[in-house]
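In: All I have is the shape, not the residue letters:
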């Protein structure tokens, strides 16, 4: 078994639709991220179409410079799906019917009452002696061939099938190969920029070897991934503990969660724990805020009602915003945000009312600039209105402004939930 | 000058951050799409890190199999940006200072009041005799080297800089090379699967040479791209007209628009044209429907109000769904969907009321299966309730079910708008 420092990997994606620009190659990014986390060196991504000659050539090039090749795509039932055939041929292995996969393919078609053709069984033909990777999200199984230090990992193309198969079956396989265990925790920040956080932490991060801390920024949030390697999971956890504690101590106001995925999940969990309910009144976000809350499974325990009050009449009629307020300060104002949050809290009988009103663009309104957004929070123990300027001067930033406005509202609601004085 | 049929291209992206999975390689997708539209064959994508040896090796492989190589990344001012140096070396060309670029780099730093270092001028050193590509969105210019039938196009890495440079300067360059013009129209379908549409059209599509028709499927929709090549844009339009008309004649019930981007845009445009307004009452989609409507700029002219009625009490209190209906049939029922759509239409004073209620999962509710969704449409001239089964048996399909439910509601509203009997 090779020690990990000699392993290097190449990702080889197979699919004409990628070369046509029909789909963005997110598989390569997902696999790359996971390999980086477990310390496998990755020097090349390659994409070829559904063409056996070019696939064969790419495979030869890949194995001439790396010992692990991870492919995605070309495992389906149609005549142009040729990954297994081509790679088995490269290793000089015949394809044999793998009964468990054949059975589950037959089951799938029975369950969904679709017609199965003989072609579908092509998916159960596997290179002799390979490790079969089960597909819990589709019909095409994946597989691993290991021969003379070369490892070929074949994964299906659809990200929904590829992702879980890679994370649940391939990563443990590669970790076992390396004889080391990698564990990581993700610490999520909101309200502080990546460069500000990095300059605060640069000296700390640069001096670290095990665990390491790596920053990732996306859509106004920053995530720090703390990763440790060790011989056992417990040792790795032990190594990470002081680093996570250090972050929580230094940035209590910006950290919204550890290993929590996103703001909306952090909010739903915080409300659940305290038995609280939130309600939303949206203008510029137009439903984006309630969409994000309700995308969390189990959100129905903490969310009964949201109102998208795009028109002023609806703000008045449903939420009880006073006409005088709208006329005097405008729909995009601190006062309107406050009355919207109060109004929806009353309307829904919720503990926390949340509101958004602003100019998402394109073009200003009420003589107010694009990106100006007010976020209101209303509860018996804590109420506030945030004034935000969310424009970054990009050409097409309507969606970004709406997303960020919803993020600020989620973060503000989380703050209110955490400040809840325990008795209701 | 080579005739286009002999040209084939490879995209070579340079950047360690892509190999680390820090960023998704959207540049390759954008370039691929544009090349497909102008008929340039593309057989390979490659990614390497900021490493001159591996870049040189990848460049040699690329030119051994394709005559056009388009690179992104590695044009910046830092020591590890080595694309121009490596490629100029491959062609045996020295780098020389390009005064206009040097001037505009100096200007940029003055305008934004940042400090310029000598390193920044490295960006103005260009391979001798190249075509310089101006960068209107950053400081690093791109360039094209053409030598003995080989073409190397170097573009900056940031998509915001790469995209406009490629579309505005490289595409015309490649089109001029080919002496042809390519034009395309996108025809959007909803309610028919890709395989059903393909099997209906296979004979037609396979027999076509100019224009061609290519199908693209995504999230329950299908788009057919009709592409023609000719000597002028007018000729290309002329060639496409009968193909687009044929599709519209054969699939009037499934086509929601031509060159229209998405369902929500088609709906907002159709409502605008007829002076109609829509209102939404959402249960399982939880705001996703109103979020999609309001993401269309200008939607405030056709949308005043949406209600996310997650709890039964809100369905009763705000939308006027009868308690009897909820108790007898349940929240997930045809009857509730109808009363929700009627209720929100009345509440908002809208022309069309739309509703969704269903089981998005995970886990069934009211003993109803995951994926069962009712979509209601209410208007004075047309009302209906659709019963849908949107589960595909995936592990994590909550988001997909919600997305598809919103798509069916948008499509149903579009049908109602189109059926509007002209006088209000």
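Out: Nice, I can see it. Keep in mind it's a predicted model, so treat the numbers as computed, not measured.
In: switch to C-alpha atoms for all contacts and neighbour counts from now on
Out: Fine.
In: which residues does the residue of the stretch 101-250 of chain A found nearest chain B contact?
Out: The nearest approach of the stretch 101-250 of chain A to chain B comes at residue A:137, 5.0 Å away (Cα to the nearest Cα). Contact analysis of residue A:137 by Cα atoms under 8 Å, 6 or more residues apart in numbering or on different chains lists A:160-161, B:393-395.
In: That one should be in a strand, yeah?
Out: No: looking at residue A:137 with DSSP: H, G, I helix; E, B strand; the rest coil, it is coil, so not inside a strand.
In: Phi, psi for it please.
Out: Dihedral pair for residue A:137: phi -130, psi 20, per degrees, to the nearest 10.
In: which of the residues in stretch A:217-235 are buried?
Out: By neighbour count on 16 or more other Cα atoms under 10 Å in any protein chain shown, the buried set for stretch A:217-235 is A:217, A:220-230, A:233.
In: Reformat those as JSON lines; add secondary structure, distance to chain B and pLDDT.
Out: Below are these laid out as JSON lines (DSSP: H, G, I helix; E, B strand; the rest coil; distance: Cα to the nearest Cα, whole Å; pLDDT from 0 to 100):
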{"residue": "A:217", "secondary structure": "strand", "distance to chain B": "9", "pLDDT": "76"}
{"residue": "A:220", "secondary structure": "coil", "distance to chain B": "15", "pLDDT": "82"}
{"residue": "A:221", "secondary structure": "strand", "distance to chain B": "14", "pLDDT": "90"}
{"residue": "A:222", "secondary structure": "strand", "distance to chain B": "12", "pLDDT": "90"}
{"residue": "A:223", "secondary structure": "strand", "distance to chain B": "12", "pLDDT": "90"}
{"residue": "A:224", "secondary structure": "strand", "distance to chain B": "12", "pLDDT": "92"}
{"residue": "A:225", "secondary structure": "strand", "distance to chain B": "12", "pLDDT": "88"}
{"residue": "A:226", "secondary structure": "strand", "distance to chain B": "15", "pLDDT": "93"}
{"residue": "A:227", "secondary structure": "strand", "distance to chain B": "14", "pLDDT": "90"}
{"residue": "A:228", "secondary structure": "strand", "distance to chain B": "17", "pLDDT": "92"}
{"residue": "A:229", "secondary structure": "strand", "distance to chain B": "18", "pLDDT": "89"}
{"residue": "A:230", "secondary structure": "strand", "distance to chain B": "21", "pLDDT": "91"}
{"residue": "A:233", "secondary structure": "helix", "distance to chain B": "23", "pLDDT": "89"}
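In: Select, from those residues, the two members most distant in space.
Out: Within these, A:220 and A:230 form the most distant pair, 32.8 Å apart (Cα to Cα).
In: where's the residue nearest the centre of chain A relative to residue A:187, distance?
Out: Closest residue to the average C-alpha location of chain A: residue A:261 at 7.1 Å, with Cα atoms, centre = their mean. Distance of residue A:261 to residue A:187, computed by Cα to Cα, to the nearest Å: 9 Å.
In: Now do the longest helix seen in chain A: which elements does it pack against?
Out: Longest helix in chain A by number of residues (criterion: DSSP state H): helix A:398-418. Applying 3 or more Cα pairs under 8 Å, 6 or more residues apart in numbering or on different chains; DSSP states H and E, one finds that helix A:398-418 makes contact with helix A:263-274, helix A:288-294, strand A:352-358, strand A:372-378.
In: who touches that helix?
Out: Taking Cα under 8 Å, 6+ apart as the rule, helix A:398-418 contacts A:190, A:219-220, A:256, A:263-264, A:266-267, A:270-271, A:274, A:276, A:284-285, A:288-289, A:352, A:354-356, A:360-362, A:371, A:373, A:375-377, A:379, A:382, A:390-391, B:295, B:297.
In: swap the cut-off to 6 Å and go again
Out: A:267, A:285, A:289, A:360-361, A:375, A:390 (Cα atoms under 6 Å, 6 or more residues apart in numbering or on different chains).
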